[in-house]
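Participant: my questions concern the predicted model and sequence given below.
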Amino acid sequence: MDLLIYGSYGYTGDLIARQAVEAGAEPTLAGRSRAKVQHQATELDLPHRVFDLDADDVAAELAAADVDAVLHCAGPFVETHRPMVEACIDTGTHYLDITGEIEVFESVASYDEAATEAGVQLMPGVGFDVVPTDCLAAHLAERLPDATDLRLGFQAEGGLSPGTAATAVNSMGEGGAVRRNGRIKSVGSAHETRRIDFGRGKTGAVTIPWGDVATAYHTTGIENVTVYTAVPGVARLFMRSSDLFAPLFDLPGVTDTLQDLVHATVEGPDEETREHTHCYVWGEASNDEERVVSRLVTPNTYTLTVDAALIVARKVLDGEWEAGFGTPGGVYGPDLVLEIDGVERTDEEPVRVVSR
């Protein structure tokens, strides 16, 4: 398997590396910590490389690795994606990552022309964010081709990995985001609430700045996109008031201290938790006359990330790719998510919108 997994010793990177080995593959492991990479490589009997993305010779390191694709797993991606993307373009290497950050999706999209010229595919978000929601968006767009509005949401069971929690800390105080008339618009945190049936009865949900605010537009062309997540009542109140504390996160050392605390205390869901928890995804597309709703039930978000990332990596290595920036649902279609074990999709009958 001519794949390099960067950040392979992190929570999600390690899960991906181990499952790749179980499937008979031999990816190259990589990261900036020599001790951690060497320990993991010895345990899994895999080749490895050690390099820091802050270095000037990332492209040289990648060329020396002699791989066809990179699966980038070292976040927060807003801080780490650019040197890896640029090195991939310079070396003719396909780029994949597991980001969920709007800023990263839009940044990677800006390299579309350079990647097209280099003949490589750039596909951020090949994990939980955004494979299931992006594929559901593509499915809804097929069901209602002239949709003007797209709403997506999810209700996830289980816990967070250190990397996901650190990324959340990194974005604290930045408010929310939606897409309106084709443009990403900043809004307040949890600025809109709604009761949504994710598949188990209606529950309270709030808007969040999820990656689909960026990617769903590229996948479907629908110009108005909103993303929700299920949140308990007390948490909704906290989220809506969090913007008041935004100036605190700009103070020197505050974010770094919180990230250090996250890495010291958050371990991520264990195997039993991953095996017995699920995620419920909901989507709604509409125009002035009609509304369609579809849902997914998926495995635990980290289990799905591992499976989705390796499925996409295998497709790329088998020659199934499109040069330039692409999204999972845009390149591989809405049924990509159904290739993951344990995923089920259901559709409600279309509903006519009653004009008032």
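Facilitator: Done, it's in.
Participant: show me the residue at the heart of the chain, geometrically.
Facilitator: residue 129 (2.7 Å; C-alpha atoms, centre = their mean).
Participant: and that one, what is it in contact with?
Facilitator: Residues near residue 129 by C-beta atoms under 8 Å, 6 or more residues apart in numbering: 98-100, 210-212. Every C-beta, even on glycine, is put in place using the N, C-alpha and C of the backbone.
Participant: which residues of the stretch 101-250 of the chain fall in helices?
Facilitator: Along the stretch 101-250 of the chain, counting by DSSP state H, counting those that start in this stretch, helices occupy 102-109, 112-118, 131-143, 162-170, 212-220, 233-241.
Participant: circling back: now, among the contacts of residue 129, which is nearest to residue 55?
Facilitator: residue 99 (20.9 Å; C-beta to C-beta).
Participant: who's the closest spatial neighbour of the closest one, skipping the chain neighbours?
Facilitator: residue 77 (3.9 Å; C-beta to C-beta, 6 or more residues apart in numbering).
Participant: so what's the residue count around the one you found?
Facilitator: By the criterion of other C-beta atoms under 10 Å, residue 77 has 28 neighbours.
Participant: got it, and residue 17?
Facilitator: By other C-beta under 10 Å, the residues close to residue 17 number 29.
Participant: show me the domain layout of this structure.
Facilitator: Domains of the chain are assigned by automatic domain parsing as 3-127+303-332, 131-301+338-352.
Participant: and those domains, which is most packed in?
Facilitator: Ranked by mean neighbour count under mean count of other C-beta atoms under 10 Å, the domains of the chain are led by domain 3-127+303-332, which reaches a mean of 21.
Participant: mean pLDDT lowest for which of the domains of the chain?
Facilitator: Among the domains of the chain, domain 131-301+338-352 carries the lowest mean pLDDT, a mean of 84.
Participant: what's the spacing between residue 336 and residue 16?
Facilitator: 17 Å (C-beta to C-beta, to the nearest Å).
Participant: OK, contacts around residue 335?
Facilitator: Applying C-beta under 8 Å, 6+ apart, the residues near residue 335 are 135, 139.
Participant: show me the longest helix that occurs in the chain.
Facilitator: helix 301-317 (DSSP state H).
Participant: check which helices and strands the helix or strand just after that helix is in contact with.
Facilitator: Once the chain leaves helix 301-317, the next helix or strand it forms, by DSSP states H and E, is strand 324-325. Under the contact definition 3 or more C-beta pairs under 8 Å, 6 or more residues apart in numbering; DSSP states H and E, strand 324-325 sits against helix 112-118, strand 121-123.
Participant: which strands border strand 324-325, and is each parallel or antiparallel?
Facilitator: strand 121-123 (parallel) (DSSP bridges).
Participant: residue 71 is in contact with residue 16, isn't it?
Facilitator: Yes: between residue 71 and residue 16 there is a contact at 6.9 Å, judged by C-beta atoms under 8 Å.
Participant: anything in contact with each of the two?
Facilitator: 5, 309.
Participant: do a quick rundown of the helices in the stretch 251-356 of the chain.
Facilitator: Along the stretch 251-356 of the chain, the stretches classed as helices by DSSP H, counting those that start in this stretch are 254-265, 271-276, 301-317, 328-332.
Participant: adding distance to residue 44, write those out as TSV.
Facilitator: Shown next, in TSV, are those (distance: least, C-beta to C-beta, whole Å):
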stretch	distance to residue 44
helix 254-265	23
helix 271-276	17
helix 301-317	15
helix 328-332	27
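Participant: for the ones you listed, which one sits closest to residue 84?
Facilitator: Closest among the helices of the stretch 251-356 of the chain, using C-beta to C-beta: helix 301-317, at 14.9 Å.
Participant: dump the closest one to CSV, keeping only the CA atoms.
Facilitator: Coordinates of each C-alpha in helix 301-317 appear next as CSV, following Å, rounded to 0.1, in the frame of the first residue of the first chain:
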residue,chain,number,x,y,z
THR,A,301,-17.8,8.3,14.4
TYR,A,302,-14.2,7.1,14.9
THR,A,303,-15.0,3.7,13.5
LEU,A,304,-16.6,5.3,10.5
THR,A,305,-13.6,7.6,10.1
VAL,A,306,-11.2,4.7,10.0
ASP,A,307,-13.3,2.7,7.5
ALA,A,308,-14.0,5.7,5.3
ALA,A,309,-10.4,6.9,5.2
LEU,A,310,-9.1,3.5,4.2
ILE,A,311,-11.8,3.0,1.5
VAL,A,312,-11.0,6.4,-0.1
ALA,A,313,-7.3,5.7,0.2
ARG,A,314,-7.7,2.4,-1.6
LYS,A,315,-9.8,4.0,-4.3
VAL,A,316,-7.1,6.6,-4.9
LEU,A,317,-4.3,4.0,-5.0
